[in-house]
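**Student:** Give me the fold of what follows.
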Amino acid sequence: AEEADILNVALFGFTAKAWREANPELAKKNNVRDFATINELTVLSNLESHNAQMLREGKEKGERFKILQEIAEYQLNVLNAAEEIKMIESDRALPEV
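**Tutor:** Okay, the predicted model is just below:
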């Protein structure tokens, strides 16, 4: 659970417990990851791999968190920018009415 919290805070900015406390009705049937975007879920998967590697390397929790936070921010920015470009390009491809 502690490792999941590190990943959640690095990506979402809060722990699962904090989310449940802030969203008690939603938390009855869901968890924070159920409301993540596809980009967030992609980054989360990547963070899990990076974190596992850093654990194998013996990196301390604080160092891992800082690195994971930087990775999350960078990857989300890249994926979100790519998504925006696709939307702009698809709008250009539509014939004018």
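**Student:** what helix or strand does the nearest residue to Glu40 once chain neighbours are set aside sit in?
**Tutor:** Counting by Cβ to Cβ, 6 or more residues apart in numbering, Leu11 is the residue found nearest to Glu40 once chain neighbours are left out, at 6.3 Å. C-beta: built from backbone N, CA, C; applies to glycine. Leu11 belongs to helix 2-12 when elements are defined using DSSP states H and E.
**Student:** How about Glu83?
**Tutor:** Residue-wise, Glu83 maps onto helix 61-93 under DSSP H and E.
**Student:** Off-centre distance for that helix?
**Tutor:** 9 Å (Cα atoms, centre = their mean, to the nearest Å).
**Student:** Show me what that helix is packed up against.
**Tutor:** helix 2-12, helix 38-57 (3 or more Cβ pairs under 8 Å, 6 or more residues apart in numbering; DSSP states H and E).
**Student:** Could I get the buried residue list for that helix?
**Tutor:** Arg64, Phe65, Ile67, Leu68, Gln69, Ile71, Ala72, Gln75, Leu76, Leu79 (16 or more other Cβ atoms under 10 Å).
**Student:** Since that was my last question, I'll sign off now.
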